[in-house]
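Peer 1: no sequence on this one, just coordinates:
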């Protein structure tokens, strides 16, 4: 059975094109690694952060957490007070792939990201390549996050995609599986080199 032709490539942003990591801030705040690990696992946890990606305001999220962990108030407030320091910069090898696809002008280029609506404008200011996409679907604007199937359906509907002819790239295996569950082609991003090889196999690069 032949591989379907891909007409649209959809990129995740954080972890694929942009290096984002709370550790960049909290290594400066916590000298003790065990306490830092506890804080980023149990206090400012990934689940807590996802709620902002799903539309909760930064202020509401911060005050909710301070009320529950008052001994960590200053550290909690640093999460969004110093959020920009968590951006380690672009991942140049993946940006190079994006630019190559753009120069080929043979595929539609879109992005689908779990990102707070309040912090995303900072990314737009910092990274010029974000303006090269035909469109970016930001979870915080839509009040939906990957891997909820509704956000993939929204992507498909908004941009008139044929799922079987659209390739989604994400560094989170859950999100890759979520995309496949609604019929999108998908690859799990693990490194720029691996992505380049996958795109070559698919006849995209």
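Peer 2: Arrived safely. Model, not experiment: these values are computed from the prediction.
Peer 1: quick one: average pLDDT of the helix or strand containing residue 151?
Peer 2: In this assignment (DSSP states H and E), residue 151 forms part of helix 149-158. Helix 149-158 comes out with an average pLDDT of 98.
Peer 1: In the chain, where is pLDDT below threshold?
Peer 2: Scanning the chain for pLDDT under 70 picks out the ranges 1-4.
Peer 1: If we use 90, what do you get?
Peer 2: For the chain, the stretches flagged by pLDDT under 90 are 1-5, 105-106, 205.
Peer 1: And the helices in it?
Peer 2: For the chain, helices defined by DSSP state H occupy the ranges 23-29, 33-38, 46-53, 58-68, 73-81, 92-104, 120-126, 139-142, 149-158, 173-181, 192-201.
Peer 1: which residues touch the closest residue to residue 110 other than its chain neighbours?
Peer 2: In this structure, residue 110 finds its nearest non-sequential neighbour in residue 10, 4.6 Å apart by CB to CB, 6 or more residues apart in numbering. For glycine as for every other residue, the C-beta is placed from the backbone atoms N, C-alpha and C. By CB atoms under 8 Å, 6 or more residues apart in numbering, the contact set of residue 10 is 110-112, 155, 166-169, 184.
Peer 1: could you dump the helices of the chain to JSON lines with distance to residue 132 and mean neighbour count?
Peer 2: Shown next, in JSON lines, are these (distance: least, CB to CB, whole Å; neighbours: other CB atoms under 10 Å):
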{"stretch": "helix 23-29", "distance to residue 132": "26", "mean neighbour count": "15"}
{"stretch": "helix 33-38", "distance to residue 132": "36", "mean neighbour count": "12"}
{"stretch": "helix 46-53", "distance to residue 132": "23", "mean neighbour count": "16"}
{"stretch": "helix 58-68", "distance to residue 132": "27", "mean neighbour count": "15"}
{"stretch": "helix 73-81", "distance to residue 132": "27", "mean neighbour count": "17"}
{"stretch": "helix 92-104", "distance to residue 132": "6", "mean neighbour count": "15"}
{"stretch": "helix 120-126", "distance to residue 132": "12", "mean neighbour count": "14"}
{"stretch": "helix 139-142", "distance to residue 132": "19", "mean neighbour count": "19"}
{"stretch": "helix 149-158", "distance to residue 132": "18", "mean neighbour count": "17"}
{"stretch": "helix 173-181", "distance to residue 132": "22", "mean neighbour count": "18"}
{"stretch": "helix 192-201", "distance to residue 132": "17", "mean neighbour count": "15"}
